[in-house]
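Chemist: Dropping a prediction and its sequence here:
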Amino acid sequence: MRGFDYVWLMGIWQRSPAARGSALASAWIQEAGKKIFGTWNETDVAGSPYAVYDYIPDPAIAHDMEEVGRVRSILNRFGMKLILDFVPNHLAMDHPWTASFPEFFVRVSSDKAAAHPEWFFAGRGGFQFAHGRDPYFPSWNDTVQLNIFNSGTRKALISEMSRIARFCDGFRCDMAMLLLNEIFSETWREYVEKPFIEKEFWPEAISNVKDACGDTLFIAEVYWGRETQLQQMGFDYTYDKVLYDKLLSAPASDVSAQLKNREQSSRSKFVHFIENHDEKRIAALIDKPRAMACAAIAATVPGMRFIHDGQMEGKQIHVPVQFVREADEERDRDICSFYEKLLGFVNSPVLHGGIWKMPEIEGLPDNSWKHLLVWTWTLGLQRCCIIINFSEHTARGYLDQTDFGMDPEEAYDVLAGGFREIPVDKKNGKISLALGAWEILLLESRKSRLLSGDGKLRSGNLELKVKRVSSDRTG
């Protein structure tokens, strides 16, 4: 189990025949298949899991929702919970609702669609249905856009979520910010009938589902600075794309400022990640030492720690979600070993229920201290200190012993697998830090010696480590 609290199963819903046909006809998919697999055939493509044909399990995955519920029960017995996708902005372009409830979707006359024909496709009754769209990118041409300003649409979506929530523990809501009234209006105001609904969708939806099904967890995939807004509407967690972008390309000072400047009330509500199905593999984007430093940061700050399938093995090939198989890759032994130790460190109760602080670093004239990131976790007598040189140069600085949070002689280096000598400067009495390029210290307070019967300190190898085997908190 390795300390995981949630399992997100992506793509369990019934795939769309039209979306699969669109994928097979796509020159981009064909080229990706040749590049990744060399030889492949049509059975390797199922279509996008985000063009949902129906919210029932794909027959290749489960017979029915009761079987999904049994999987959930098994996970729950192991101390884990089941997260499923919900795609509220759009459905597959051939979804049955397009015939039975066409008013649920954005649809216009052919004349009105003529200004942007790439946004629409021909539907029944002489109407043109809109494809699902992020206003900053081309339309998703295998989808149909739901009209969130239609009361029937809202009622149907809430009904679907309430039904599914009986068989899972939470939802990861795809592109959740697209349903905000302001954003939906800006994107589709010329194509939907007025008056617009003033009431926001998400507070109503979340409260209804939680009232009906208990404490269902809601995670929002969200961008454009709308994270706090969605948290205030009831989401338990929101994606942290801002931190992701900074980890990939910004200096330590920007990462530090991003973490320090957050409101304490929202700090623990972010989902931290360095890889997901929409992004290229982290091992293919940046050098291994920086990738490990990014992983250590994302895993040790407050919030939900999200790890993508294949990330812990150092996989480098990003496979489009339309394919049903992955590329064959060898595991990177260094990365596997690193994650094994990182997860063991993060699994400690102190990093789940402790108090997080980010102390100040004092500098030297070379300003290399600006490359250092330091934070501590405290829970009762448990102490952890994370120190990372987020740069390709040696970094030096000073840290107050009080801020360090533990006896320097009791600092156990988890990655190195032994006690680390933590020097104290004789002149100022402060902890002296000197880390190499991208170096990571995951330190926890452990007793290295034991008192003997005569009161003298003796060497010993006995230690007490509390290991969390299950939790309702994030991990």
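Modeler: In hand now; what should we look at? Numbering: from 1, shown residues only.
Chemist: quick one, phi/psi of the spatially closest residue to Leu230 that is not a sequence neighbour?
Modeler: Setting aside the residues directly before and after it, Leu230 is nearest to Ala220 in space (Cβ to Cβ, 6 or more residues apart in numbering), at 4.7 Å. All C-beta atoms are positioned from the backbone trio N, CA, C, and that covers glycine. Dihedral pair for Ala220: phi -100, psi 120, per degrees, to the nearest 10.
Chemist: so Ala220 makes contact with Gly234?
Modeler: No. Here Ala220 does not reach Gly234: they are 9.6 Å apart, not a contact under Cβ atoms under 8 Å.
Chemist: Which one's more surrounded, these two?
Modeler: A side-by-side neighbour count of Ala220 and Gly234, using other Cβ atoms under 10 Å, places Ala220 first with 29 against 17.
Chemist: Any idea what that one is bridged to?
Modeler: Taking DSSP bridges as the rule, Ala220 bridges to Cys173, Thr238.
Chemist: Residue numbering should commence at 11 henceforth.
Modeler: Sure thing, new numbering starts at 11, so read that last one as Ala230.
Chemist: Pull the contacting residues for it.
Modeler: Ala230 makes contact with Cys183, Ala186, Met187, Glu237, Leu240, Phe245, Tyr247, Thr248, Tyr249 under the criterion Cβ atoms under 8 Å, 6 or more residues apart in numbering.
Chemist: who touches the last one in this structure?
Modeler: Pointing back at Tyr249 there. Contacts of Tyr249 (Cβ under 8 Å, 6+ apart): Ile229, Ala230, Glu231, Val232, Tyr233, Glu237, Phe280, Val281, Phe283.
Chemist: Quick check: the fifth one is in a strand.
Modeler: Put plainly, it is Tyr233. No. Assignment of Tyr233 by DSSP: H, G, I helix; E, B strand; the rest coil gives coil, placing it outside any strand.
Chemist: pretty sure it is in contact with Met187, am I right?
Modeler: Yes. Counting by Cβ under 8 Å, Tyr233 does reach Met187; the two are 6.5 Å apart.
Chemist: So if I had to pick from the two, which one is more boxed in?
Modeler: A direct count of neighbours by other Cβ under 10 Å for Tyr233 and Met187 places Met187 higher, at 24 against 17.
Chemist: Phi first, then psi, for the more buried one.
Modeler: Dihedral angles for Met187 - degrees, to the nearest 10 - are phi -70, psi -20.
Chemist: can you check Phe280 too?
Modeler: Dihedral angles (degrees, to the nearest 10) for Phe280: phi -100, psi 150.
Chemist: Mind pulling up the pLDDT for it?
Modeler: Among the per-residue scores, Phe280 shows a pLDDT of 97.
Chemist: so which pair among the contacts of Ala230 is furthest apart in space?
Modeler: Using Cβ to Cβ, the contacts of Ala230 reach their maximum pairwise distance at Met187 and Tyr247, which is 14.0 Å.
Chemist: now stretch 438-445: how far from the chain's centre is it?
Modeler: Centroid displacement of stretch 438-445 relative to its chain, using Cα atoms, centre = their mean, to the nearest Å, is 35 Å.
Chemist: separation between Glu402 and Gly446?
Modeler: Using Cβ to Cβ, to the nearest Å, one gets 10 Å for the distance from Glu402 to Gly446.
Chemist: Equivalent analysis for Ile22, please.
Modeler: For Ile22, the distance to Gly446 equals 44 Å [Cβ to Cβ].
Chemist: okay, those two: which has more neighbours?
Modeler: Per other Cβ under 10 Å, whichever of Ile22 and Gly446 has more neighbours is Ile22, with 19 against 12.
Chemist: Could you grab the helix/strand/coil label for the closest residue in space to that one that isn't next to it in sequence?
Modeler: Leaving aside its sequence neighbours, Ile22 sits nearest to Ile71 (Cβ to Cβ, 6+ apart; 5.0 Å). At Ile71 the chain is in coil, as set by three-state DSSP.
Chemist: Now for Ile71, how many residues are close by?
Modeler: As a burial measure, Ile71 scores 15 neighbours (other Cβ under 10 Å).
Chemist: likewise the one 4 residues further on?
Modeler: The tally of other residues near Met75 (other Cβ under 10 Å) stands at 16.
Chemist: Provide a list of residues in contact with it.
Modeler: Ile66, Pro67, Arg173, Ile174, Arg176, Phe177.
Chemist: closest to Trp38 among those residues?
Modeler: Of the contacts of Met75, the one sitting nearest to Trp38 (Cβ to Cβ) turns out to be Pro67, at 27.9 Å.
Chemist: who does that closest one bridge with?
Modeler: Here Pro67 sits in beta bridges with Trp23, as judged by DSSP bridges.
Chemist: domains for this structure, by residue range?
Modeler: Domain assignment for the chain, taken from automatic domain parsing, gives 16-102+161-361, 363-469.
Chemist: Of the ones you listed, which shows the lowest average pLDDT?
Modeler: Between these, the one with the least mean pLDDT is domain 363-469; it has a mean of 88.
Chemist: Can you give the distance of that one from its chain's centre?
Modeler: For domain 363-469, the distance to the chain centre is 28 Å (Cα atoms, centre = their mean).
Chemist: go on, stretch 21-31?
Modeler: In terms of Cα atoms, centre = their mean, the centre of stretch 21-31 is found 24 Å from the chain centre.
Chemist: same thing with stretch 274-285?
Modeler: Averaging C-alpha positions (Cα atoms, centre = their mean) puts stretch 274-285 9 Å from its chain's average.
Chemist: now do stretch 100-113
Modeler: A distance of 29 Å separates the centroid of the chain from that of stretch 100-113, by Cα atoms, centre = their mean.
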